[in-house]
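>>> Structure for the following, please:
(one chain, ligands or ions: 2)
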Amino acid sequence: MTPDRFISGPPEGCRPDWTIDQDWASYTADEHRVWVTLYERQAALLPGRACEPFLKGLEALDLHGEGIPDFHEMNRKLNALTGWTVVAVPGLVPDEVFFEHLANRRFPAGRFIRRPDQLDYLEEPDIFHDVFGHVPMLTDPTFADYMKAYGEGGLRATRLGRLHNLARLYWYTVEFGLMETPEGLRIYGAGIVSSRGESEFSLMDPSPNRLGFDLVRVMRTPYRIDDFQQVYFVLPSLQRLLDDTLQDFGPIYDLLGRLPDIAIDAITPDDRVFTRGTQAHAV
Ligand code: PHE
Ligand code: FE
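Ligands and ions are numbered 1, 2, ... in the order given. You can find the predicted model right below:
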């Protein structure tokens, strides 16, 4: 479903592919300060909580706390590592535009940053979520290939009427994924690493279920956009994510057409249970 405002194409001042210039020089000192505040909070929280590829990516891109990153500089490093480029957009873009960018190894990121009174919650993704949250993982070659394949898969799912299923995969991996490591569970989802509250909640809180990743299971599970998640899915490795998703989804979409959704707080007999949550936060 395409809201009316998208039918006529990109807003004034955008290129046909919805990109704009980041115009880094025009950020104010206050805006840079918001980045630094958010950066310092998360940088203190994430060692021992975020997965190695994320922390390594943060280092490799030099996304240190000095202010909002300049895409030109960041892209030089990112592009050399995995062929990805970050492009600036005014805000959320239509699904097909988003997928088309991903399929070409371009990650669309909002250029605006939240206000100082919105540090903990904001409805639309801003540059801190999009860049601090998403871009470090794009330095990992396996994850980088997954995101490109996801873009191609998104275009196909749209044609097949299965985007609602595929969107759940994005949500429970790219945005809210956890990973199992010898040292314990670690975060790789961008929605978690860019949120102070959920960086803690996703790993430590007794409320949510934490279940083993299963491709079809995930695509049968609805998600919430208004609060911390009620269920997190745990990957054994990024390679497993890429391997599972490189298969042809045609038969999987047929299957999904026949299977009902699974309630957001349910645990099924086939689930590998890391944590059986109390769901106390959700009620
Ligand atoms: N392999 C999927 C298909 O055939 C595409 C896809 C790749 C989807 C990666 C998600 C992630 O449609
Ligand atoms: Fe995001």
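>>> ok, the residue lying closest to residue 11 once chain neighbours are set aside - contacts?
Using CB to CB, 6 or more residues apart in numbering and skipping residues adjacent in sequence, the residue nearest residue 11 is residue 90, 6.2 Å away. (Glycine included, C-beta is placed from N, CA and C.) The contact partners of residue 90, by CB atoms under 8 Å, 6 or more residues apart in numbering, come to 11, 13-14, 18, 20, 110-112.
>>> who are the neighbours in contact with the residue in the stretch 151-283 of the chain that ligand 1 sits nearest to?
Nearest residue of the stretch 151-283 of the chain to ligand 1, counting by CB to the nearest ligand atom: residue 153, 2.6 Å away. By CB under 8 Å, 6+ apart, the residues touching residue 153 are 166, 245, 249.
>>> Which helix or strand contains the second one?
Just to be clear, that refers to residue 245. Using DSSP states H and E, residue 245 sits within helix 238-246.
>>> now that helix, how far from the chain's geometric center?
16 Å (CA atoms, centre = their mean, to the nearest Å).
>>> so which strand or helix has the residue of the stretch 151-283 of the chain closest to ligand 1?
Applying DSSP H and E as the criterion places residue 153 in helix 141-160.
>>> So which bits of the stretch 101-250 of the chain are right by ligand 1?
146, 149-150, 153, 156, 169, 245-249 (CB under 6 Å from any ligand atom).
>>> May I see the PyMOL selection of the buried members of those?
Restricted to buried positions by 16 or more other CB atoms under 10 Å, the PyMOL selection for these reads:
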select buried, resi 146+150+153+156+169+245+249
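>>> coming back round to it: in the helix holding residue 245, what's buried?
Buried, per 16+ other CB under 10 Å, within helix 238-246: 238, 241-242, 244-245.
>>> Kindly report the same for stretch 197-217.
Counting neighbours by 16+ other CB under 10 Å, stretch 197-217 gives 198-199, 201-203, 205, 207-211, 213-217 as buried.
>>> Which members of those residues occur in strands, if any?
Judged by DSSP state E, the buried residues of stretch 197-217 include 209-211 as members of strands.
>>> quick one on the thing from earlier: if we only consider the contacts of residue 90, which is nearest to residue 273?
Closest to residue 273 out of the contacts of residue 90 is residue 110 (36.4 Å), distances taken as CB to CB.
>>> ok now do the residue in the stretch 1-150 of the chain that ligand 1 sits nearest to, which residues does it touch?
When you check the stretch 1-150 of the chain against ligand 1 by CB to the nearest ligand atom, the closest residue turns out to be residue 149, at 3.5 Å. Taking CB under 8 Å, 6+ apart, we find residue 149 in contact with 242, 245-246.
>>> Now the residues of the stretch 101-250 of the chain next to ligand 1 in TSV, please, with extra columns for pLDDT.
Converted to TSV, those look like this (pLDDT from 0 to 100):
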residue	pLDDT
146	98
149	98
150	98
153	98
156	97
169	98
245	96
246	95
247	96
248	98
249	98
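>>> Low-confidence stretches in the chain?
By pLDDT under 70, the weakly predicted segments of the chain are 1-8.
>>> That one: strands as residue ranges?
85-89, 106-110, 178-181, 184-187, 209-212, 231-235, 273-275.
>>> Extract the CA atoms of the third one and return them as PDB.
Only the C-alpha atoms of strand 178-181 are listed here, as PDB (Å, rounded to 0.1, in the frame of the first residue of the first chain):
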ATOM      1  CA  LEU A 178      20.700 -10.900  19.000                       C
ATOM      2  CA  MET A 179      23.500 -13.300  18.500                       C
ATOM      3  CA  GLU A 180      24.800 -16.200  20.400                       C
ATOM      4  CA  THR A 181      28.600 -16.100  21.200                       C
END
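>>> Now do that strand: which elements does it pack against?
When contacts are defined as 3 or more CB pairs under 8 Å, 6 or more residues apart in numbering; DSSP states H and E, strand 178-181 sits against strand 184-187, strand 231-235.
>>> deepest of those, which one?
strand 231-235 (a mean of 24; mean count of other CB atoms under 10 Å).
>>> Could you report the neighbour count for the residue nearest to residue 111 when sequence neighbours are not counted?
In space, and not counting its chain neighbours, residue 111 is closest to residue 88: 4.2 Å by CB to CB, 6+ apart. A count of nearby residues for residue 88, using other CB atoms under 10 Å, gives 20.
>>> got it, and residue 273?
13.
>>> give the contact list for residue 33.
Counted by CB under 8 Å, 6+ apart, residue 33 has contacts 67, 116.
>>> Look up how far residue 128 lies from residue 274.
29 Å (CB to CB, to the nearest Å).
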